[in-house]
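Q: When you get a sec, could you give me coordinates for this:
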Amino acid sequence: MAEPLASAPRQHRLSWINTAVARGVALFLAGFTLLNLIGAWRTPGFDANVWWIDLGFLPGVLEGLSLAGAAMLLLAWAVQPATGLWRRRATLAALALLAVAALSNAVAFYRVWSRGEIDPGVPLPFSLVVLVVLVWLAWVVARGAAGQPPESPPHAPAPRASIRLLVSAVAFVACGILFPLAQFWFFGHTDYRRPADVAVVFGAQVHPGGRPSTSLVDRVATGVDLYAAGLVPRIIMSGAVGESGDNEALVMTRYAVDSPGGPGVPVDAIIIDPEGSNSQATVDNTVKIFKLYGYERILVVSHFYHLPRLKLAYARAGYDVLTVPARSTGPVSQTPYIVAREVPAFWVYYLRAVLR
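A: Sure, this is the predicted structure:
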């Protein structure tokens, strides 16, 4: 009997930590889903919930109601996990529905991949990560209330509410960091190239003397590949004057025309946007070009960490663009810093898109 008694406090400690973390995760999923539903209500046709789950197999109204109901149940559980029997069963039913949807999304990923419509850099879909999280949440909800299971010994009370709240808050913030990182890794590395009206290549640093940086070379070379493959008849090079004093768009154009890797792109197949001083400026400028020329099918070329917020920015402008990650020819020492900077940038662009 000594061993079970000795291990009971440790089991109890893991139990309340598990529940506190689950509350933070549930709060994040609930808040994210409800914000997305608000965005869909404000802008018909815009669905940001597909960033984590797609219930498209349900009719439109039922899809929205199911997501809203699941979000409210998760929110209620996050606020007060000491649920009654009926609410616990309803929460578990909602998690089961979401888990089925996540599994369906994963199957759809492999089906689309098998047809050659995408080229994922990561052979696992984000939907499988979502599925694991949902199953874990269901397990925690099913175990009982507030991390204080019936088998907990009387000498192992739960810690103060403030400590449990702190753990939940840390879990919530961690979700806010890990979610965009997951998007960079899964979505950002997936190549959606296919025939389109035009490709937009985003600028990057130019070194003194007009020498393109490794990042800029990789982006332009990817755009040249799209043209050489006959996927696009035109390319938009977007950039602005940087610290070197050179305009990125002009350097990009010269590199594309005189491509060292093979046949270049004719000058008349390139549209120059010399005022793409930042990502949003490029989006605004290129949208005007789309409308001027009647472009509807758009490919967007940049690095994996940049593509999720570009997708959001174009969605905000009313364009469902397809993203193409720039091929990598060598390591870039600044990548960790850039990725860290992209995390808050993702949320800024997300809120712009949802609350526009």
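
Q: which residues in the stretch 201-350 of the chain form strands?
A: Secondary structure of the stretch 201-350 of the chain by DSSP state E, counting those that start in this stretch: the strands cover 206-207, 211-212, 235-238, 270-273, 298-302, 322-325.

Q: hang on, isn't Ile271 packed against Ile236?
A: Yes. The criterion here is Cβ atoms under 8 Å, and Ile271 meets it with Ile236 at 4.6 Å. C-beta here means a position set from N, CA and C on the backbone, and glycine is covered the same way.

Q: Most tightly packed of the strands of the stretch 201-350 of the chain?
A: strand 235-238 (a mean of 27; mean count of other Cβ atoms under 10 Å).

Q: could you say what helices and strands it packs with?
A: For strand 235-238, the packing partners by 3 or more Cβ pairs under 8 Å, 6 or more residues apart in numbering; DSSP states H and E come out as strand 198-202, helix 214-228, helix 248-257, strand 270-273, helix 279-293.

Q: So which of these is nearest Leu178?
A: helix 279-293 (22.3 Å; Cβ to Cβ).

Q: which other residues reach the closest one?
A: 197-198, 200, 202-203, 234, 236, 238-240, 271, 273, 275-276, 295-296, 298, 306, 309-310, 313-314, 317-319, 349 (Cβ atoms under 8 Å, 6 or more residues apart in numbering).

Q: hmm, back to that, any chance of the helices and strands packed on strand 235-238 in JSON lines with distance to Val107 and mean pLDDT as columns?
A: Output for the helices and strands packed on strand 235-238, formatted as JSON lines (distance: least, Cβ to Cβ, whole Å; pLDDT from 0 to 100):
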{"stretch": "strand 198-202", "distance to Val107": "30", "mean pLDDT": "98"}
{"stretch": "helix 214-228", "distance to Val107": "29", "mean pLDDT": "95"}
{"stretch": "helix 248-257", "distance to Val107": "39", "mean pLDDT": "96"}
{"stretch": "strand 270-273", "distance to Val107": "40", "mean pLDDT": "97"}
{"stretch": "helix 279-293", "distance to Val107": "33", "mean pLDDT": "97"}
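
Q: and of those, who's closest to Thr190?
A: Among these, the nearest to Thr190 by Cβ to Cβ is helix 214-228 (13.9 Å).

Q: so which of the strands of the stretch 201-350 of the chain gets nearest Arg89?
A: strand 322-325 (40.7 Å).

Q: Sheet partners, orientation included, of that closest one?
A: Sheet pairing for strand 322-325, assigned by DSSP bridges, gives strand 298-302 (parallel).

Q: any idea of the angle the partner strand forms with strand 198-202?
A: The directions of strand 298-302 and strand 198-202 differ by 20 degrees, with axes from the mean of the first three to the mean of the last three Cα atoms, to 10 degrees as the criterion.

Q: Sketch out the low-pLDDT regions of the stretch 101-250 of the chain for me.
A: 145-158 (pLDDT under 70).

Q: Can you show me the helices along it?
A: Per DSSP state H, counting those that start in this stretch, the stretch 101-250 of the chain has helices spanning 126-143, 161-186, 214-228, 248-257. These are given in chain order.

Q: Near the spatially closest residue to Gly209 that is not a sequence neighbour, how many other residues are there?
A: Nearest non-adjacent residue to Gly209, counting by Cβ to Cβ, 6 or more residues apart in numbering: Ser244, 7.4 Å away. Ser244: 16 surrounding residues under other Cβ atoms under 10 Å.

Q: and Ser244, what is it in contact with?
A: Residues near Ser244 by Cβ under 8 Å, 6+ apart: Gln205, Val206, His207, Pro208, Gly209, Gly210.

Q: Please report phi then psi for it.
A: As for Ser244, its main-chain torsions (degrees, to the nearest 10) stand at phi -70, psi -10.

Q: hang on, the earlier thing: could you point out which of the helices and strands packed on strand 235-238 sits nearest Phe32?
A: Nearest to Phe32 among the helices and strands packed on strand 235-238 is helix 279-293; the distance by Cβ to Cβ comes to 22.1 Å.

Q: got the CA positions of the closest one in PDB?
A: Written as PDB, here are the backbone C-alpha positions of helix 279-293 (Å, rounded to 0.1, in the frame of the first residue of the first chain):
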ATOM      1  CA  SER A 279       4.000  43.900 -46.900                       C
ATOM      2  CA  GLN A 280       0.800  45.800 -46.600                       C
ATOM      3  CA  ALA A 281       1.900  48.400 -49.200                       C
ATOM      4  CA  THR A 282       2.700  45.600 -51.700                       C
ATOM      5  CA  VAL A 283      -0.700  44.100 -51.100                       C
ATOM      6  CA  ASP A 284      -2.500  47.400 -51.600                       C
ATOM      7  CA  ASN A 285      -0.400  48.300 -54.700                       C
ATOM      8  CA  THR A 286      -0.800  44.900 -56.300                       C
ATOM      9  CA  VAL A 287      -4.600  44.800 -55.600                       C
ATOM     10  CA  LYS A 288      -4.900  47.900 -57.800                       C
ATOM     11  CA  ILE A 289      -2.900  46.100 -60.500                       C
ATOM     12  CA  PHE A 290      -5.200  43.100 -60.200                       C
ATOM     13  CA  LYS A 291      -8.200  45.200 -60.800                       C
ATOM     14  CA  LEU A 292      -6.600  47.200 -63.600                       C
ATOM     15  CA  TYR A 293      -5.700  44.100 -65.600                       C
END
